[in-house]
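# This is a predicted model, with the sequence first.
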Amino acid sequence: MLEALAVWMGLASWVQASMLAVLIIVGQCGIYLAIRTGRTKGFKDPALTLMQMVFAIVVLTLAYAINPSARGLMPMIMALVLVFGAFILPPARCWQLGWLSVFSLGIGIGLCTWQAPHIFEPRIELFHFLLPALVLPAIAKLAAQLSALRIKLRHQKDALGLALGKVHELATRDELTGLPNRRHFYELWDYELQRRHDGHTTLCICLLDIDHFKHINDRYGHQVGDEALRLFANILSTCLRAGDVLARWGGEEFMLLLPDTTPDEALKILERMRLACNTPVNWSSNPTIQATFSAGVTAQIPREERDETIARADAALYAAKHQGRNQALLR
Ligand SMILES: Nc1nc2c(ncn2[C@@H]2O[C@H](COP(=O)(O)OP(=O)(O)OP(=O)(O)O)[C@@H](O)[C@H]2O)c(=O)[nH]1
């Protein structure tokens, strides 16, 4: 557009301006097609920013040569091109582009002065070169600093994301078993209640407690006790269906949330778990360790407070313990 204006105002030759326009159109279309057809997808910079900027610097140098009257504009536009680097290029590239623009302009001005000294008067051209030679690297430096700042901010954002992920993990998971902790269990329970607001399906919870766990700790040590807890959590997890939630309730107690499950189905699931726990090697790398668990099962009555449901499961567990352990009772 500027070229057309320059030709219209008699400031540039239309032949040279047309050649430059063809070069710009061909170059831009080539870059656009490469991007649109996905050929640059695998590239580190799929938008070909660096190539576009180098192309712009070369075109501006040519524009300097064919627009003697408006040539003072070209270094200004080059400065604008350099600023774009701050948003996408690494700092070193911003610097390199700064020096490339000085080099390109230097060569362009040198050739113009040599070929047409009557149009490009050497003393004036020296000034035309010296000012951009100072300003363009300064702008490139600024772009490099902005780019470094952008990269630093991105790293900080990534680190913050990781830290938030870790905090979320710590806040929702039990460190020993990797299962959801009690707090997260409540969240998942709430979520389940919101999801099934029709109130027609049955939701069961089961409180599980390993029998005589204290003996394992006392006899084999706390570390083996920890290992047994981890393995116990693994065994139970293999018996879960999609949507079931197993959480560590605390100590050697675990809580199961079984959505869309009747009490009879819950008892069947617990029986499956009981059988899965029957192999001694399941419990520890020490095959002599064997244990069972007791469980209290209950269905949540629609609109019932969670604490009431839990209290019923707890009472059922208490009864299971008192009736000889290694069993699940329903309340
Ligand atoms: N290794 C280990 N032991 C734990 C952990 N949390 C709780 N315990 C132990 O679990 C044991 C629980 O003992 P009790 O409450 O007497 O229950 P129990 O021995 O399982 O007996 P019943 O529940 O009546 O069958 C205690 O010895 C606790 O120290 C843990 O994270 N790791």
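Received it, and whenever you're ready, just let me know what you need.

# distance of whatever residue of the chain ends up closest to the ligand from S284?
Using CB to the nearest ligand atom, the single residue of the chain nearest to the ligand is G225, 2.6 Å away. Bear in mind the C-beta positions are built from the backbone N, C-alpha and C, glycine included. G225 is 9 Å from S284, where distance means CB to CB, to the nearest Å.

# Sketch out the strands for the stretch 201-331 of the chain, chain order is fine.
For the stretch 201-331 of the chain, the strands defined by DSSP state E, counting those that start in this stretch cover 204-210, 245-250, 253-258, 293-299, 328-330.

# returning to what we had before: what's the neighbour count on the residue of the chain closest to the ligand?
By other CB atoms under 10 Å, 21 other residues sit near G225.

# separation between the nearest residue to it once chain neighbours are set aside and E253?
The shortest distance from G225 to any non-neighbouring residue, by CB to CB, 6 or more residues apart in numbering, is to N217 (4.1 Å). In this view, N217 and E253 are 15 Å apart by CB to CB.

# what does V281 give?
Distance, V281 to E253, using CB to CB: 24 Å.

# okay, those two: which has more neighbours?
Neighbour tally, V281 and E253, criterion other CB under 10 Å: the higher count belongs to E253, 17 against 12.

# Spell out which residues belonging to this structure are near the ligand, please.
176, 209-214, 217, 222, 225-226, 229, 251-252, 321, 325 (CB under 6 Å from any ligand atom).

# all helices in this structure, in order from the N-terminus.
For the chain, applying DSSP state H gives helices covering 2-8, 14-36, 49-66, 73-88, 91-115, 122-172, 182-195, 213-220, 222-238, 263-276, 306-322.

# residues in contact with N282?
Contact analysis of N282 by CB atoms under 8 Å, 6 or more residues apart in numbering lists 231, 235, 276.

# coming back round to it: of the residues of the chain next to the ligand, keep whichever come out buried.
Those of the residues of the chain next to the ligand that meet the buried threshold are 209-211, 213, 217, 225, 229, 252, 321, by 16 or more other CB atoms under 10 Å.

# Adding distance to A144 and pLDDT, write those out as TSV.
Output for those, formatted as TSV (distance: CB to CB, whole Å; pLDDT from 0 to 100):
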residue	distance to A144	pLDDT
D209	63	98
I210	62	97
D211	67	96
F213	62	95
N217	61	93
G225	58	93
L229	54	94
E252	59	96
K321	70	97
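
# what's the burial count for the closest residue to E192 other than its chain neighbours?
Distances taken as CB to CB, 6+ apart put P259 closest to E192, at 5.1 Å, once the chain neighbours are dropped. For P259, the neighbour count with other CB under 10 Å is 19.

# My read is that P259 contacts G243, right?
Yes: at 5.4 Å, P259 and G243 qualify as touching, with contact defined as CB atoms under 8 Å.

# how many other residues sit next to D264?
Count around D264 with other CB under 10 Å applied: 11.

# List the residues that contact the residue of the chain closest to the ligand.
Counting by CB under 8 Å, 6+ apart, G225 touches 213, 216-217.

# what separates it from G98, distance-wise?
To G98, G225 is 65 Å away according to CB to CB.

# Where does pLDDT dip in the stretch 201-331 of the chain?
Applying pLDDT under 70 to the stretch 201-331 of the chain picks out residues 201.

# Would you check that A86 makes contact with A148?
No: counting by CB under 8 Å, A148 is not a contact partner of A86; they are 9.3 Å apart.

# So for the two, which residue has more residues nearby?
More neighbours surround A86 than the other of A86 and A148, with 20 against 15 (other CB under 10 Å).

# quick one: pLDDT of the more buried one?
A86 is assigned 92 on the pLDDT scale.

# How about the contacts made by the residue of the chain positioned farthest from its centre?
The outermost residue of the chain relative to its centre, with distances by CA atoms, centre = their mean, is H118 at 60.2 Å. Residues counted as contacts of H118 (CB under 8 Å, 6+ apart): none.

# quick one: it from C112, how far?
Distance of H118 to C112, given as CB to CB: 11 Å.

# Likewise for L193?
L193 sits 78 Å away from C112, going by CB to CB.
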